[in-house]
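Undergrad: return a 3D structure for these sequence lines:
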Amino acid sequence: MSENKTKTPSGSGKKYRNLIIRPFTYIRHSVGTESVVILVLLGIQILMLALTKSFSAIAVICAAAAGSVIANFIDRKCTFLKPQCYFTYPISLVQGIVTGMLIPETYPPLTVFLITLLVMIIIKHFFGGFSYSLVNPSVFAVAVLWLAGAYLFGQIELTADMLTSRNPSQQLIETGIFPTAAFDSSVTETLNNAIFSLFKVSIPDGYASLFWDTHSVIPAFRFNLVTLVSSIVLFSMDGMKIVISSFFLAVYLLLIRFVSPVFFQGIPFQGDMLLALLTGGTLFTATFVLNWYGTVPSSLNGKIIYGILAGTAAFFIAGCGTSPAGMAFTVLLINFASILIQFYENDSNIRHTKKLVELSLKGDC
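TA: Below you'll find the model as predicted:
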């Protein structure tokens with residue numbers, strides 16, 4: 001602790017003490033720091049796209065990012081936002097990249113740019129932007145783009161025979177819908193010998209490739225291993241974010257495992273959780289989309305309820321996996337449910353505050 005003494009401008013000789021306490025302790029990282037970290041992690045995904053020569057996907061991502069950043073620039077000029085709010089540009093860049101990651105690479109970049117620009121401006125105008133938005137701007141833009149060109153998103157058809165089998169994902173791998181990488185056999189053999197043999201189980205060929213790169217036309221669905229590592233980094237920065245994502249994944253995968261066979265007359269309690277986890281952008285949604293600022297409850301109980309509702313909604317909207325826009329519409333729907341949860345939280349906080357004030361007044365008497 002240091003002490004500074006300064007004289008008043010009037011020269012009266014009075015001295016004031018400015019106490020500075022170091023080191024400062026923060027309970028979480030700033031929004032600016034988080035946005036930079038997210039940009040780095042998303043940048044790794046874009047690098048992977050470049051290494052796999054998916055330049056059309058990069059063009060779509062750049063178009064969405066440009067639309068989001070320009071929308072933020074227009075909003076700042078129209079609302080005369082203070083220069084100190086520097087983090088709005090990194091945040092808008094994150095929103096744009098996430099939007100582009102959830103759009104198929106076959107979508108015309110110019111259309112992506114114009115719709116993203118328009119949606120972001122409308123959301124910022126009506127809700128105030130950043131954490132004031134009632135819905136995630138990225139998934140709202142994706143929903144509009146899906147409505148404008150649903151045929152561009154494509155769909156992996158799951159036949160009745162696949163859904164009634166034990167491992168639909170294995171059939172999709174064997175038919176070549178999910179390509180197998182050259183390293184798959186050696187990696188699978190190593191994993192089986194070193195890890196899975198301890199539990200007296202083994203994984204078949206193809207799952208290592210599915211985890212590494214699904215080759216989907218939607219970039220967010222491709223690099224599951226990179227997304228998983230990114231989730232570890234983000235959740236280590238803010239441990240509360242893992243609450244929503246973990247309950248979301250747990251409920252969704254458990255419903256896939258135990259309930260989905262009932263709907264499709266499959267093998268009881270043998271739903272394909274790996275198909276649901278690795279093919280519909282589930283990991284990407286849990287990592288980069290579901291915990292967006294302002295769209296989630298603030299209390300622990302609220303986050304748990306939000307995660308459970310999100311997992312349940314994903315089961316009915318995204319289904320057993322491979323849905324091109326199911327997760328985006330899941331988040332969009334659950335954002336509206338969050339409004340009710342936050343309303344209850346605010347009401348509960350007001351009642352708790354009144355009770356504390358009444359107890360304080362009784363104590364003074």
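Undergrad: all contacts plus neighbour counts: C-alpha atoms, from now on.
TA: Fine.
Undergrad: which helices and strands sit right next to the longest helix anywhere in the chain?
TA: In terms of residue count, the longest helix belonging to the chain (DSSP state H) is helix 326-364. Contact partners of helix 326-364 among helices and strands, from 3 or more C-alpha pairs under 8 Å, 6 or more residues apart in numbering; DSSP states H and E: helix 137-148, helix 300-317.
Undergrad: buried stuff in the first one?
TA: Within helix 137-148, the residues that qualify as buried by neighbour count (16 or more other C-alpha atoms under 10 Å) are 137, 138, 139, 140, 141, 142, 143, 145, 146.
Undergrad: residues touching the second one, list them.
TA: Put plainly, it is residue 138. By C-alpha atoms under 8 Å, 6 or more residues apart in numbering, the contact list for residue 138 reads 95, 96, 98, 99.
Undergrad: so which of these is the closest to residue 350?
TA: Of all those, the one with the least separation from residue 350 (C-alpha to C-alpha) is residue 95, at 32.9 Å.
Undergrad: and residue 214, how far is that from residue 325?
TA: From residue 214 across to residue 325, the span is 16 Å (C-alpha to C-alpha, to the nearest Å).
Undergrad: how about the strands in the protein?
TA: Along the chain, the segments classed as strands by DSSP state E run 2-7, 15-20.
Undergrad: if you average pLDDT over each of the ones you listed, which is lowest?
TA: Within the strands of the chain, confidence is poorest for strand 2-7, with a mean of 44 (mean pLDDT).
Undergrad: what is the neighbour count of the closest residue to residue 290 other than its chain neighbours?
TA: Excluding the flanking residues, the one nearest residue 290 by C-alpha to C-alpha, 6 or more residues apart in numbering is residue 331, at 6.5 Å. Other residues near residue 331 come to 26 when the count uses other C-alpha atoms under 10 Å.
Undergrad: cool, residue 232 as well?
TA: When neighbours are counted by other C-alpha under 10 Å, residue 232 registers 13.
Undergrad: repeat for the one 5 residues further on
TA: Residues lying near residue 237 (other C-alpha under 10 Å) number 16.
Undergrad: pretty sure it is touching residue 31, no?
TA: No: contact criterion C-alpha atoms under 8 Å: residue 237 and residue 31 do not qualify, at 11.2 Å.
Undergrad: what about the stretch 1-150 of the chain, any weak spots by pLDDT?
TA: 1-28, 79-87, 128-132 (pLDDT under 70).
Undergrad: now do 90
TA: 1-33, 72-89, 122-135 (pLDDT under 90).
Undergrad: any idea how far the residue nearest the centre of the chain is from residue 93?
TA: In the chain, the C-alpha nearest the mean C-alpha coordinate belongs to residue 289, at 1.9 Å (C-alpha atoms, centre = their mean). Separation of residue 289 from residue 93 (C-alpha to C-alpha): 14 Å.
Undergrad: what of residue 323?
TA: Distance from residue 323 to residue 93, by C-alpha to C-alpha: 26 Å.
Undergrad: okay, now residue 300: neighbour count?
TA: 12.
Undergrad: so how far is residue 42 from it?
TA: With C-alpha to C-alpha as the criterion, residue 300 and residue 42 are 28 Å apart.
Undergrad: report the rounded mean pLDDT for stretch 321-336.
TA: Stretch 321-336 carries an average pLDDT of 94.
Undergrad: using CSV, write down the CA coordinates of it.
TA: Provided in CSV are the C-alpha atoms of stretch 321-336 (Å, rounded to 0.1, in the frame of the first residue of the first chain):
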residue,chain,number,x,y,z
GLY,A,321,-27.2,-34.9,-34.9
THR,A,322,-26.3,-33.7,-38.4
SER,A,323,-28.8,-30.9,-38.3
PRO,A,324,-27.3,-27.9,-40.2
ALA,A,325,-29.1,-25.2,-38.3
GLY,A,326,-30.7,-27.0,-35.3
MET,A,327,-28.3,-25.7,-32.7
ALA,A,328,-28.7,-22.1,-33.9
PHE,A,329,-32.5,-22.3,-33.6
THR,A,330,-32.0,-24.0,-30.2
VAL,A,331,-30.0,-21.1,-28.9
LEU,A,332,-32.5,-18.6,-30.4
LEU,A,333,-35.4,-20.3,-28.6
ILE,A,334,-33.7,-20.7,-25.3
ASN,A,335,-32.6,-17.0,-25.3
PHE,A,336,-36.3,-16.1,-25.0
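Undergrad: show residues contacting it.
TA: Outside stretch 321-336, the residues that reach it (C-alpha under 8 Å, 6+ apart) are 102, 134-136, 139-140, 142-143, 146, 153-156, 218, 275-282, 285, 289-290, 295-296, 306, 309-310, 313-314, 317-319.
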